[in-house]
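*Asks:* Here is my input; please provide its structure:
(chains A, B and C)
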Amino acid sequence: MKKWTTLTLFILLGVLLLAACGSPAEAPANTTTNQPAAEEPAEEPMAEPTEEPMAEPTEEPMEEPAAEEPTEEPMAEPTEEPMEEPAAEMRTDNLEGETITFYHFGDLSGPYAAITGPLVFGMEDAVAAINENGGIRGATIEVQFADTGGSVDEAVAAYDRFTGADDNAMIMITYGSGEVEALASRFAEDKIVNLSAGLSAVGFYGPDSGYTFGLGPIYPDQFGYFLDYVTANWDTIKPATAGDEVKLAYLSWPGAFGQGALTDETRAYAESLGVEIVAEETYDLSPTADTTTAILNAQAAGANVIWTNSLAFGPAALMNGLGALGLQQDFILGGCNWAMDLATYAFVSDPALAAGLISPFPYLWWNDADHPGIQYAQSLFTANERTAGAQNVGYLLLVAGVDLAVKAIEQAIDTVGFDNLTGEAIYDALTTMGPVEPLDGVVRMDYSDGVRAPRFSQLRQIQGGPDAFNVLQDWTEMPDLRPVFDN
Amino acid sequence: MAVLRPAGDFDTSYEQDMSVIRKRWQWVALLLFLAALFALPAYAPEPAVSLVNRIGIAIIAVQGLNILTGYTGQISLGQAAFMTVGAYISALLVGQAGWSFFLALPVAGLGAGLVGLLFGLPSLRVKGFYLVMATLSAQFIIPWLTRNTFPNLLNGAQGMNVPVPVIKLPVIANTCFLGTTFDPETAVCLYRFATPNEFIYITLVVLIISTVVALNISRSRLGRAFISVRDNDLAAELLGVNLFAYKLRAFFIAAVYAGVAGAMLAHNLRHVNSQTVGLIDSILFMGMLVVGGLGSNLGPIFGATLVTLLEELATVLTPILITLMPDIAGGATAALRPLIFGLALMLFLIFEPRGLAYRWTLIKAAWRLRPYAR
Amino acid sequence: MNWQLLPQFAITGLLNGGPIALIALGIVLIFKSSEIFNFAHGQMLLIGAMTTWWFSADEGLGLPLWTAVLLALAVSILLGLLIERLTLRPMTGQPLLSIILMTLALGQFLQGLTILTFGTTQRNFPVIFSITDPYRITLPFTYNDNPIIVILKQNLVWSFVVAMVCVIVLALFFQYTRTGLSMRATAEDHETAQSVGIRINRVFGISWAIAGIIAAIGGVLIATASGLDLSLSIVVLAAFPAVLLGGLESIPGAVLGGLIIGLAQGLVGLPNNNFFMGPEVAQAIRNSTEIVPYVILLIVLVIRPDGLFGQKRIERI
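*Replies:* Presented below is the predicted three-dimensional model:
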């Protein structure tokens, strides 16, 4: 059996290639701190000098590109010194000729396209406006986008493409819960700040995450906030057919986003408020979904309140279904912040069906026209001649999100200097800057003390025609229903 | 396989007659090629390595399909469903039970294989088109099961995050060998296959093993029985080939390959849910197999590479298309992918139904016969 | 079980089965004449609905709806003929796998083409039937002394009616017209048909053209019921099992298969939290509309592999 021995031999050879070199055990042990993300393999298997900057992006500015041999202790101290010392000298307001790249990727061709489109437009218009007004201290922002079609596969491929082409990628903007959950550990490992419109509790607080920050409150908080309001005001708002008990039906899409508000914490919280969750139904993530079965079952189970974690055609399908069954008056319909949006109107067969929806509303709205932040967003929108359909929550939120990113980057440059600007520096800026109000308070966040998503919101209700998103409850702190993970 | 050889090139021993790689220079060429692959991270940019990873995983899935469809003639549109099974098994074993990935990988393959057996059962009664529909039903039922059963374990439609494969080695003489680094928390040497540059070693090693296994299945009694089932099932049965047993074996092997590929995909993406791979992937795998060449061991390699590169081409062409037709913007990639794949597959079906592998043998023959090319 | 909802779910299910039956019919039609299973039928559906939308919408030509439908039908006929001539005629005599893959590839190609032409945005399909004003039927019996009212969306009822009219027209066409008879003859045996002077290629062309018409009508029906976007092409996945359920070659079988699938999809909504196997199982069953067709298919394949009305052509192994 000669061929077998040779075959085994060459498989062994392959394995041996893996084992190109050994590294001393103590060396990294000295320097490794307790940061969970600091366990990057310091040595690449092939020990190729070209790869070093990738394994340790933080020290890239220090590396001589032509270094022949990899340093034996790549994680040694130098990371800290240069960050503080040159900072004072390097503080400069003139970074002309420099560029900072914002990477973003999202679903422009799959099921979430309706909501991602305006988000992407908002991001790109806001960046273009900042560049026209001198950029970040003179540095131009470059934008790179990839379409994921809603698939986690594609999101990971896009991430690999971006990080592979840029050793010092420091900030990425994402739009989908699924993508954020899958990539959260990579962001933390590679120390890339991720500002996300996909408000996934797992993505922000899950094990191994940490570099992902939400532009809006997590869905469990939103759900709890809604329940607070409903139980506190039940006597005045309850449907005519309902009894004294709040009985909730969770009718939503399947998937990370659709089921995002239903966690152990929110179940316990609902129970503590005396709210019984009597039905949990899903319907298809498609504009053609039929919701009548789900609604009739909810009704049969005695529900009088519906919560949906969906957007655009998601709440619209429920509204259409309720309308078709003539049950609109029998339920209080609540939804996550995305549900109360103009995108929903594109799919509601009659705008009157949308009236009554109650949602947490963690930002101001286009009709707050005397607010300077809204005026700024409006001017961008008009200047770029976007179609009316794009003037929704996504556009607004991303104009604010870019403002937040710029604020954080400016603070990071002030602290460590442009040459030492890394994802880690932006992370430090975000977590130490305290309460911020991007766009003069269109959104409000505070990323101190391990909080990675806004905790304040208003509550609004659709009262009348499109765009009549009226305030039911002004900015209040939401219940804290952050999930607890074992890790 | 009647391979044309230059004049005077004879087998002089039994080993030489049986060997896959006959000449020393061929061994050298193969080893050089493999060495070049293993050294990829040293000279190729990371996105390229990531692409090779994806191609490698696709090849493994298509190799399994080749055994089922190419050799045994049973058409299956369920390969992606069995990948889902493998992905979930491995995600659970590594993520929840704390197994090593390298132990979970074969178990994931076996688990997927058993599920494959189950969906192979209808092949007892039906064949041809009806069997296609039976395998198609796996494509719906299995993802549905992951979404709707054992919500505490499988986490429903959200799916779960999957840990990075890790090798742990003890510290020997105060030194970490084999490129690992010391992990102060657990006091062992670690190697994490996190980035594409690291994961590529898993992909290549598994790919080599899977290729060798596929090659030897096709050359053994098993493979010849498969071929006889494909070519004429009645004759095969008369010759003593137990049709049902061999069809089930083919289903099993195909699903094992799918399970292994699925587990690797899950750990490469670090995430799995019921939509990680779907019907469209099953169609893609079938397309890869036909483009590469049915019933040839080179087929899956050629096919998976070409089709994945075509998908990549769609990404590259997207900006160009957007400049040409600004209106389409968001849909550009979504339009180009199915367009290019569908067109390529149709052209292959009409003009080269035997696939790239056949074209390759023609090229080799022409080279050997030069200057008297056909 | 929510017994009081049984009539509601059963009737909605049956009505939903109408369009499914129509789609299944389009697939059976082609299989009958040319033994090709058309996996691209969903994309033909999509293109039919999209072109109707384009002809009628303000962003497109802005024609009246009925003109738009007629024009879309013309486009679909042309599409059917083109598909037959360009992609499937070269495949004559090829093995099953090649033909299956050809229609799968065709489906992908058409999907890409549709996105390229119409983009990925969801479209508001013209509303033909009122959505807010459903029919309410009070049944002549009660459950626990409560009257049972069945609420039916208008478009659901009318889609069903249109689908059934199409089915009857087709049945008459096959029974009484010369072309219809020649198609049935071709389905019986290609060579015999040719020997009595039927031009097989012409018959193939006609069946694809008719399939195009059926697909376009089906697409429009579904789009009126629930809006229009790319996911419309996925609707056929529920019709594939219907085709096999009825038997690959049987027109009444396809219709019955479609109705059974619709009914089953409606009835899985019944189990409530008092379900005897527990609320979790009940919830899983309620969420099973997309797999019910395939579960039924698996059962039928094992018990009666040639379907309810199919010809016993399957070779038992």
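
*Asks:* Can you list the low-confidence ranges for the stretch 101-250 of chain C?
*Replies:* C:131-132, C:226 (pLDDT under 70).

*Asks:* interface residues of it facing chain B?
*Replies:* Residues of the stretch 101-250 of chain C lying close to chain B by C-beta under 8 Å from any C-beta of the partner chain are C:101-102, C:104-113, C:115-116, C:119-120, C:237, C:240-241, C:244, C:248. C-beta here means a position set from N, CA and C on the backbone, and glycine is covered the same way.

*Asks:* now those: which count as buried?
*Replies:* The neighbour-count criterion (16 or more other C-beta atoms under 10 Å in any protein chain shown) marks C:101-102, C:104-113, C:115-116, C:119-120, C:237, C:240-241, C:244, C:248 among these as buried.

*Asks:* Around chain A, pick out the residues from the stretch 51-200 of chain C.
*Replies:* The interface of the stretch 51-200 of chain C toward chain A, taken as C-beta under 8 Å from any C-beta, is made up of C:115, C:120-122, C:124, C:127, C:131-132, C:134, C:136, C:151, C:153.

*Asks:* May I ask which two of these are separated the most?
*Replies:* Farthest-apart pair in these is C:115 and C:136; separation 40.1 Å (C-beta to C-beta).

*Asks:* Which ones among the buried ones among the residues of the stretch 101-250 of chain C next to chain B map onto helices?
*Replies:* C:101-102, C:104-113, C:115-116, C:240-241, C:244 (DSSP state H).

*Asks:* Now do the regular element (helix or strand) spanning residue B:93: which elements does it pack against?
*Replies:* For residue B:93, the element it lies in under DSSP states H and E is helix B:79-95. Here helix B:79-95 touches helix B:46-65, helix B:101-120, helix B:129-148, helix B:151-154, strand B:160-161, helix B:243-269, strand B:271-272, helix B:279-292, going by 3 or more C-beta pairs under 8 Å, 6 or more residues apart in numbering or on different chains; DSSP states H and E.

*Asks:* can you state the direction angle for the last one and helix B:79-95?
*Replies:* Yep, that's helix B:279-292 we're talking about. Per axes from the mean of the first three to the mean of the last three C-alpha atoms, to 10 degrees, the angle that helix B:279-292 makes with helix B:79-95 is 120 degrees.

*Asks:* Following element in sequence after helix B:279-292, please.
*Replies:* Moving toward the C-terminus from helix B:279-292, the next helix or strand (DSSP H and E) is helix B:299-324.

*Asks:* Buried residues of that following helix, list them for me.
*Replies:* B:299-308, B:310-312, B:314-315, B:317-318, B:321-322.

*Asks:* how big is the angle separating it from helix B:279-292?
*Replies:* Calculated by the same axes, to 10 degrees, helix B:299-324 forms an angle of 110 degrees with helix B:279-292.

*Asks:* check whether helix B:299-324 contacts chain A.
*Replies:* Yes: against chain A, helix B:299-324 shows contacts by C-beta under 8 Å from any C-beta at B:315, B:318.

*Asks:* pLDDT averaged over that helix - what is it?
*Replies:* In this model, helix B:299-324 has an average pLDDT of 87.

*Asks:* Remind me what that helix packs against, helices and strands.
*Replies:* Packing partners of helix B:299-324 (3+ C-beta pairs under 8 Å, 6+ apart): helix B:46-65, helix B:279-292, helix B:332-351, helix B:355-369.

*Asks:* list the contacts for the residue in the stretch 1-150 of chain A positioned nearest to chain C?
*Replies:* Closest to chain C within the stretch 1-150 of chain A is residue A:109: 4.7 Å, counting by C-beta to the nearest C-beta. The contact partners of residue A:109, by C-beta atoms under 8 Å, 6 or more residues apart in numbering or on different chains, come to A:147, A:149-150, B:330-335, C:115, C:120.

*Asks:* let's see it at 10 Å
*Replies:* Residue A:109 makes contacts with A:116-117, A:147-151, A:154, B:328-335, B:337, C:115, C:119-121, C:230, as judged by C-beta atoms under 10 Å, 6 or more residues apart in numbering or on different chains.

*Asks:* Regarding it, what is its secondary structure?
*Replies:* coil (DSSP: H, G, I helix; E, B strand; the rest coil).

*Asks:* Name the nearest residue to it, sequence neighbours excluded.
*Replies:* Spatial nearest neighbour of residue A:109, excluding adjacent residues (C-beta to C-beta, 6 or more residues apart in numbering or on different chains): residue B:334 at 3.1 Å.

*Asks:* unless I'm mixing things up, residue C:142 is touching residue C:148, no?
*Replies:* Yes: proximity of residue C:142 to residue C:148 meets the contact threshold set by C-beta atoms under 10 Å, at 6.5 Å.

*Asks:* tell me, what's touching these two both at once?
*Replies:* Listed contacts common to residue C:142 and residue C:148 are residue C:4; contacts here mean C-beta under 10 Å, 6+ apart.

*Asks:* Look at those two and report which has more neighbours.
*Replies:* residue C:148 (18 against 11; other C-beta atoms under 10 Å in any protein chain shown).

*Asks:* quick one, phi/psi of the more buried one?
*Replies:* In terms of degrees, to the nearest 10, the main-chain angles of residue C:148 are phi -100, psi 120.

*Asks:* can you tell me which residues contact it?
*Replies:* Residues in contact with residue C:148 (C-beta under 10 Å, 6+ apart) are C:3-8, C:137-142.

*Asks:* Quick check on those residues: which are buried?
*Replies:* Among the contacts of residue C:148, those classed as buried by 16+ other C-beta under 10 Å are C:4-8.

*Asks:* Flag every buried residue along the helix or strand in which residue C:300 is found.
*Replies:* Element membership for residue C:300 (DSSP H and E) is helix C:292-303. Neighbour-count burial for helix C:292-303 flags C:292-298, C:300-301 (criterion: 16+ other C-beta under 10 Å).
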